[in-house]
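Chemist: could you work out the structure for the sequence below:
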Amino acid sequence: TKSILNTDPPRHRQLRSLVTQAFTPRAVALLTPRITEIVHELLDKVAATGRMDVIQDLSYPLPVIVIAEMLGIPTDDRAQFKRWSDSIVDASGEAGMQTVKEMNEYFREVIAQRRAQPRDDLISGLVAAEIDGEKLTERELLSFCVILLIAGNVTTTNLIGNAILCFDEHPEAVSRLQVEPELIPQAIEEVLRYRSPAIVMGRVAVQDCELGGQHIKRGELILGW
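Modeler: Below you'll find the model as predicted:
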């Protein structure tokens, strides 16, 4: 399916500029109080027990709640969201196609609702957005919804888990962060570099070339690892 992930410039830049407006530093800063509230709610649930599973109790539910609220999805549909997100990452072939079909059917209804009655959410913003005077096609809208759901969930779950693993392996870093909490943003950036949460994305060579001593032919798939 054609999406921002496999679209070349200049269309890629146009699509990217739309979605990045929702994730500017200012926009994210406005989300901070709500995200903090959700984190406290999740931690309060397990604090009394004296133990927690970082993935199941925090990094798994946190991103799906945040991204669902950004998209304007009802609370009752969050579990379905998470199932779709995990299925897309783990499934392949017919199972993966079935999941995409279910997601597209769901988001078609949501998009139709937002066209009729816009709200203050990300899907309404994408429905109203224009590129060179033209609105996004339904296929582009659907691909945005699916990508935001998956990218917003899986990568954040992985990042939090990876960060805790890194800090467990390097207790001296935790000690320093406790004394100098202003270094936390840099520490997170280092986790992103050192133990990436991102799913491998393929790229297709548009011409014969040589990369790292390897001969690559036009049309061959390259995976950055």
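Chemist: out of the helices and strands in the chain, which is least certain?
Modeler: Every helix and strand of the chain was ranked by mean pLDDT, DSSP states H and E. The lowest is helix 78-90, at a mean of 76.
Chemist: how about that one: buried residues?
Modeler: Arg78, Gln80, Phe81, Lys82, Trp84, Ser85, Asp86, Ser87, Ile88 (16 or more other CB atoms under 10 Å). All C-beta spots, glycine's among them, are computed from the backbone N, C-alpha and C.
Chemist: reformat those residues as JSON lines; add distance to Ala173.
Modeler: Formatted as JSON lines, the buried residues of helix 78-90 follow (distance: CB to CB, whole Å):
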{"residue": "Arg78", "distance to Ala173": "33"}
{"residue": "Gln80", "distance to Ala173": "38"}
{"residue": "Phe81", "distance to Ala173": "33"}
{"residue": "Lys82", "distance to Ala173": "31"}
{"residue": "Trp84", "distance to Ala173": "35"}
{"residue": "Ser85", "distance to Ala173": "30"}
{"residue": "Asp86", "distance to Ala173": "30"}
{"residue": "Ser87", "distance to Ala173": "35"}
{"residue": "Ile88", "distance to Ala173": "33"}
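Chemist: out of these, who's nearest Gly161?
Modeler: Asp86 (14.1 Å; CB to CB).
Chemist: biggest helix in this structure by residues?
Modeler: Criterion DSSP state H: the longest helix present in the chain is helix 138-169.
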